[in-house]
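S.K.: Provided below are the primary sequence and the corresponding predicted coordinates.
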Amino acid sequence: TSYRASFSNLDAKGISPDNSYHKKIFNLGLNSNVTDKLTLQTNINYTHEENNNPPLVGTQGIGFSSFLHRIPLTIAIPTLKEHAVGPDGSLLSTNPFNALLTNPYYLIGRMFNYTKRDRFLGTVSLRYEFTKWLYLQGRVNADFGYNNNEANYPHGVGVPLRNSTNTGWVGSYNVGTSFGRQLNMDFLLGTANKIGDFTVNASVGGNRFTVNNNNTFQSVTDFVVKDIYSLGNGLTKNQNNFSIYRTQVNSLYAFADLSYKDFLYLNVTDRIDYFSVLTPPSSIVANPKNSFNYYSVGVSFIFSEFLPSISWLDYGKLRGTYATSGNANGVSPFSSQLTYAIGSQLFGTYPIGTIANGSNPNPNLGPAGVSEMEIGVELKTFNGRLNFDVAAYDKRTSDQILPVDLSPSSGYGSTNVNIAKLKNSGLEVMIDGTPVEESNFSWTISVNAGYNTSKVLALNPGQTRQVVVYFNGTGNEFLGSLVYDVGKE
């Protein structure tokens, strides 16, 4: 039995004022041979992080780097520091976009963004050896995390200090907390054996992967007392949201690797997944299409074993693979059924219940499917000085899940449907070589290239175009959009 424990501590200060980062990590490991046949492995990891006022990088918004990169170079930094505050105590204007390009010297000490995270990772693995060639293994992986963030938008940034009714100080404050739990459990019954010229590695097993997240968000605007940012000091309670995210995937699988005389290999796999997001209540759909069975077959032949007379050929292999897979990407938990909420508007003195769904639930959704075929050749020549890897592939996607627009008169904006069929095919080439190799110096070059064609084979009957992602709607207005056009490459 062996033990291992470690602790690390990191304290760092950023180059921007008031920015600091603190991280503590504790780790404990255990390896034990409980008996001659039973082994136990355990690892526990706990992390605590505090990130105070991180700089805003890579996105638009109020931030030091965003402001400094956009102002003219002729403006001296000391001038910004000395003229950050106007006569009334609000931000002194430096440009027409003060609410976005804000003088950072006004924000120092007024604007904050604090995040605290706690994370626990744990792994337990048990393995029992029945014989030298048969074993049973079980594993549990846990990932628990807690996150708390509080941030404000200070008074006087691009707007007057007081609100329009002169009842409070303008600004905002929000608090967000989240708790996440992921559990990944599996078992495996496996064998590894050599029978004559044949080598067999095979196993059967199962897996359960669950995700359970809870999130809360509260926000207030305008404050009774100046410079005190809290929920209690806020005049207007804007949001008080609580959300739940739960998913589960149950799986059964098997695989086998067979080889003959170390030159001929066969790999076979089979797996079936059951998706909770595609499983509405039985009162809605008695037999939902919530599972997908996918498999793969791969063959490889090392032909260089039969060409010993070719001195420049070190290694040569032909390979071919056909594989299928399935997924439920794009389907959120509980989206296959109606959800309800209490509306903010009263009917007289009575609250009103409303349907919370913006998208029409589709309980008959099924998983999307992908199939791919690939053939390739791999060559190693001149004692590894020049190597080639060439592969051609053909990939087909069917029943891709996409949202389609509905008439506003239906009461919904869209619904998810299995509609898209896609084709991707192409060629990939990689060449690497070592033109110079000396006892104390070597020079290696690697070049890779690929050619791919994508084609939308079909959408809904009569439909020829589908906007998949409109990036301007996500805040990434410089990226354009992703559009499917039937028949176009």
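M.R.: Everything's here; your move.
S.K.: my guess is Leu28 meets Arg4, correct?
M.R.: Yes. Contact criterion CB atoms under 8 Å: Leu28 and Arg4 qualify, at 7.3 Å. Using the backbone N, CA and C atoms, a C-beta is placed for each residue, glycine as well.
S.K.: which of the two has more neighbours?
M.R.: Neighbours were counted for Leu28 and for Arg4 using other CB atoms under 10 Å; Leu28 has more, 15 against 10.
S.K.: What is the neighbour count of the residue nearest to the more buried one when sequence neighbours are not counted?
M.R.: Nearest non-adjacent residue to Leu28, counting by CB to CB, 6 or more residues apart in numbering: Ile44, 4.7 Å away. Residue crowding around Ile44 was assessed by other CB under 10 Å; the count is 16.
S.K.: close enough to count as contact, Ile44 and Leu121?
M.R.: Yes. Ile44 is within contact range of Leu121, at 7.4 Å (criterion: CB under 8 Å).
S.K.: And the next helix or strand past the strand or helix carrying Lys395?
M.R.: Using DSSP states H and E, the element containing Lys395 is strand 386-405. Once strand 386-405 ends, the next helix or strand along the chain (criterion: DSSP H and E) is strand 414-437.
S.K.: Relative to that following strand, what are the paired strands and their orientations?
M.R.: strand 359-360 (parallel), strand 386-405 (antiparallel), strand 442-458 (antiparallel) (DSSP bridges).
S.K.: thinking Phe64 is in contact with Leu56, fair?
M.R.: Yes. Phe64 lies in contact with Leu56 (CB under 8 Å); the separation is 7.5 Å.
S.K.: Centre of this structure to the edge, which residue is at the far end?
M.R.: Ser309 (50.4 Å; CA atoms, centre = their mean).
S.K.: quick one: pLDDT of Asn476?
M.R.: For Asn476, the pLDDT comes out at 52.
S.K.: Could you export stretch 276-293 as PDB, CA atoms only?
M.R.: Only the C-alpha atoms of stretch 276-293 are listed here, as PDB (Å, rounded to 0.1, in the frame of the first residue of the first chain):
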ATOM      1  CA  SER A 276     -32.600  11.200 -20.700                       C
ATOM      2  CA  VAL A 277     -33.200  14.300 -22.800                       C
ATOM      3  CA  LEU A 278     -35.000  12.200 -25.300                       C
ATOM      4  CA  THR A 279     -37.100  10.400 -22.700                       C
ATOM      5  CA  PRO A 280     -40.400  12.200 -22.100                       C
ATOM      6  CA  PRO A 281     -42.900  10.900 -19.500                       C
ATOM      7  CA  SER A 282     -44.600   7.600 -20.600                       C
ATOM      8  CA  SER A 283     -47.900   9.400 -20.400                       C
ATOM      9  CA  ILE A 284     -46.800  11.500 -23.400                       C
ATOM     10  CA  VAL A 285     -44.800   8.900 -25.400                       C
ATOM     11  CA  ALA A 286     -45.000   5.300 -24.500                       C
ATOM     12  CA  ASN A 287     -42.000   4.100 -26.600                       C
ATOM     13  CA  PRO A 288     -39.700   7.100 -27.200                       C
ATOM     14  CA  LYS A 289     -36.800   7.000 -29.600                       C
ATOM     15  CA  ASN A 290     -34.400   7.700 -26.800                       C
ATOM     16  CA  SER A 291     -31.600   5.200 -27.700                       C
ATOM     17  CA  PHE A 292     -29.000   4.700 -30.400                       C
ATOM     18  CA  ASN A 293     -27.000   1.600 -31.300                       C
END
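S.K.: tell me which residues in it are buried?
M.R.: Counting neighbours by 16 or more other CB atoms under 10 Å, one finds that the buried residues in stretch 276-293 are Ser276, Val277, Leu278, Thr279, Pro280, Val285, Pro288, Lys289, Asn290, Ser291, Phe292.
S.K.: residues in contact with the residue sitting nearest the centre point of the chain?
M.R.: For the chain, Asn329 is the residue whose C-alpha lies nearest the centre (CA atoms, centre = their mean; 11.5 Å). Residues near Asn329 by CB atoms under 8 Å, 6 or more residues apart in numbering: Ala368, Ile401.
S.K.: Does it belong to a helix, a strand or coil?
M.R.: In three-state terms, and counting by DSSP: H, G, I helix; E, B strand; the rest coil, Asn329 is coil.
S.K.: do you know how far it is from Gly29?
M.R.: Here Asn329 is placed at a distance of 35 Å from Gly29 (CB to CB, to the nearest Å).
S.K.: ok, now Trp133?
M.R.: Between Trp133 and Gly29 the distance is 29 Å, computed by CB to CB.
S.K.: Ok, Lys23 next?
M.R.: Distance of Lys23 to Gly29, given as CB to CB: 20 Å.
S.K.: same check, this time on Asn201
M.R.: 28 Å.
S.K.: likewise Leu235?
M.R.: Distance, Leu235 to Gly29, using CB to CB: 52 Å.
S.K.: next one: Thr269
M.R.: Distance, Thr269 to Gly29, using CB to CB: 31 Å.
S.K.: Ser65 belongs to a helix?
M.R.: Yes. Assessed with three-state DSSP, Ser65 lies in a helix.
S.K.: That one and Pro55 touch, don't they?
M.R.: Yes. Using CB under 8 Å, Ser65 makes contact with Pro55 at a distance of 6.0 Å.
S.K.: Tell me who's in contact with Gly190.
M.R.: Taking CB under 8 Å, 6+ apart, we find Gly190 in contact with Leu134, Tyr135, Leu136, Gln137, Asn201, Ala202, Ser203, Val204, Gly205.
S.K.: PyMOL command to pick out the buried ones of those?
M.R.: A single PyMOL command selects the buried members of those (16+ other CB under 10 Å):
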select buried, resi 135+136+137+201+203+205
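S.K.: The contacts of Gly190 into CSV, with extra columns for secondary structure?
M.R.: Shown next, in CSV, are the contacts of Gly190 (three-state DSSP):
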residue, secondary structure
Leu134, strand
Tyr135, strand
Leu136, strand
Gln137, strand
Asn201, strand
Ala202, strand
Ser203, strand
Val204, strand
Gly205, strand
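S.K.: Can you pick out the most distant pair from the contacts of Gly190?
M.R.: Farthest-apart pair in those is Leu136 and Asn201; separation 15.3 Å (CB to CB).
S.K.: Could you list the buried residues of stretch 363-380?
M.R.: Residues of stretch 363-380 classed as buried by neighbour count (16+ other CB under 10 Å): 365-372, 374, 376, 378-380.
S.K.: Just the ones of those residues in strands?
M.R.: Ala368, Gly369, Val370, Ser371, Glu372, Glu374, Gly376, Glu378, Leu379, Lys380 (DSSP state E).
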